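In: Just the structure for this:
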Amino acid sequence: MPRFYIKHLTKYTYTDFVIDGANQIMLYPIENEFQNVSSHNITISSNPKIETYQDAFGNTVGTFMVIEPHNFLSIASEVEIETTERGYPEDAVSVKEQWDELKSIASHTEFFDFLRFKTFDGTPEILDMIRSKNGNELTPFQMVLEFSSYINTNFKYIQGITAVDSKLDLVWKLKAGVCQDFTNILLQMVRMLGIPARYVSGYICPSDENTRGEGATHAWIEVYIPFYGWLGIDPTNNTIANQYHVKLASGRDYHDCAPVKGVYKGNAKDDLYVKVKVGSVKSTTEDLVFPLNKKDKTINSYRKNQEIIQQVQQQQQQ
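Out: Residues are numbered from 1 along each chain as shown. All right, here's what the predicted structure looks like:
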């Protein structure tokens, strides 16, 4: 059972002071028989109170407010976690029985959201790929593995050419991107097969194999395999998500499990810095710190607060 030490830094720097920052964090690793969290500490600039709750998908969600004027927001999450390897599907039930089982659960409310897919430029080609399988001669598990291998073979891992909000059409055209892009494409492919699939955010940890996606949050999918349950598939590395994948949250898509998001009031633009480091020895995370910025100073004065409120009110009236 490997043990990992994860440090996840997020920092927003604003071009001017802002107020009334309402923020949501999903930085709490799922705890189950495969993930045991030994310790977890979240540190936020200005030390606001964090309220937590469970969302509809079973994820732990944290919310907090930063009301006073501030020109930066930093969030540091430090986790010590132990993971356990899980068994793979035996895939012994007949092909027909497995596909029939998927048809029978398609109308169940717990799977409904995970079967809806988006049409995009690649949809006709994917449908042709599905039809070429000659009446589902492969089991659902085998089909998912084939599609994962297809993405891994035909899409190039290139950072910086896509963004969080990049459309499926663009990724399909480029045949390139990062883990989130590959996950979004595989998610649609699997749902088109009639197999429930959900988006997963988390971390990928160092192993003996070369892995892509380290140094930031990682993404993969979980598929529902008949007579087995949910299983993680990582198209970026063409592997089954196991003890080297630490799961934070899952949902219908990225928006359901974004690690950090929020809004604020003020006439300012923001710049985002994110860094993740994962190691099997605790000392490997101690050298990861926020970059210094001379503007990182919060003014908590009544006068400054009133000035910003007045600016916001003037902008709303325009």
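
In: Run through who's touching stretch 126-146.
Out: 89, 91, 93, 95-96, 98-99, 102, 147, 150, 188-190, 192-193, 195, 223, 225-226, 228, 231, 233 (Cβ atoms under 8 Å, 6 or more residues apart in numbering). Glycine gets a C-beta too; all of them are placed from N, C-alpha and C.

In: Give me the buried positions along stretch 86-98.
Out: Pro89, Asp91, Val95, Gln98 (16 or more other Cβ atoms under 10 Å).

In: ok, those vs Lys7, which is closest?
Out: Nearest to Lys7 out of those is Pro89 (Cβ to Cβ; 33.7 Å).

In: State the distance from the nearest residue to that closest one once chain neighbours are set aside to Asp234.
Out: Distances taken as Cβ to Cβ, 6 or more residues apart in numbering place Tyr228 nearest to Pro89, at 4.2 Å, with adjacent residues excluded. For Tyr228, the distance to Asp234 equals 17 Å [Cβ to Cβ, to the nearest Å].

In: Looking at these two, which is more packed in?
Out: Just comparing Tyr228 and Asp234: by other Cβ atoms under 10 Å the higher neighbour count belongs to Asp234, 27 against 17.

In: What strand or helix carries the closest residue to that one other than its chain neighbours?
Out: In this structure, Asp234 finds its nearest non-sequential neighbour in Trp220, 4.0 Å apart by Cβ to Cβ, 6+ apart. In the assignment (DSSP states H and E), Trp220 maps to strand 218-225.

In: List the neighbouring strands of that strand plus their orientation.
Out: Next to strand 218-225 in the sheet, as set by DSSP bridges, lie strand 197-204 (antiparallel), strand 229-234 (antiparallel).

In: What is the distance between that strand and the centre of its chain?
Out: How far strand 218-225 lies from its chain's middle: 11 Å, per Cα atoms, centre = their mean, to the nearest Å.

In: Dump it to PDB, restricted to CA.
Out: Taking Å, rounded to 0.1, in the frame of the first residue of the first chain, the C-alpha atoms of strand 218-225 are listed here in PDB:
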ATOM      1  CA  HIS A 218      -5.100  15.200 -13.300                       C
ATOM      2  CA  ALA A 219      -8.300  14.000 -14.900                       C
ATOM      3  CA  TRP A 220      -9.700  10.600 -16.000                       C
ATOM      4  CA  ILE A 221     -13.000   8.900 -16.300                       C
ATOM      5  CA  GLU A 222     -14.900   6.300 -14.300                       C
ATOM      6  CA  VAL A 223     -17.100   3.800 -16.200                       C
ATOM      7  CA  TYR A 224     -19.800   1.600 -14.800                       C
ATOM      8  CA  ILE A 225     -18.900  -2.000 -15.700                       C
END
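
In: Could you export the strands paired with strand 218-225 to a markdown table, including columns for distance to Ala76 and mean pLDDT?
Out: Shown next, in a markdown table, are the strands paired with strand 218-225 (distance: least, Cβ to Cβ, whole Å; pLDDT from 0 to 100):
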| stretch | distance to Ala76 | mean pLDDT |
| --- | --- | --- |
| strand 197-204 | 15 | 97 |
| strand 229-234 | 26 | 97 |
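
In: Would you mind finding the most buried of those strands?
Out: Greatest average neighbour count among the strands paired with strand 218-225 goes to strand 197-204 (a mean of 25), per mean count of other Cβ atoms under 10 Å.

In: starting at the chain centroid, how far to it?
Out: In terms of Cα atoms, centre = their mean, the centre of strand 197-204 is found 5 Å from the chain centre.

In: quick one, helices of this structure?
Out: Counting by DSSP state H, the segments of the chain that form helices are 95-105, 109-112, 123-131, 140-154, 168-174, 179-192, 302-317.

In: Go through the ones you listed and find the least confident stretch.
Out: Per-stretch mean pLDDT for these is lowest at helix 302-317 (a mean of 49).

In: Where in the protein is the helix or strand with the lowest mean pLDDT?
Out: helix 302-317 (a mean of 49; mean pLDDT, DSSP states H and E).

In: Could you list the paired strands of the biggest strand by length in the chain along with their orientation?
Out: Determined from DSSP state E, the single longest strand within the chain is strand 3-25. If you go by DSSP bridges, strand 3-25 pairs up with strand 60-66 (antiparallel), strand 70-83 (antiparallel), strand 260-265 (antiparallel), strand 270-279 (antiparallel).

In: Cool, thanks, talk later.
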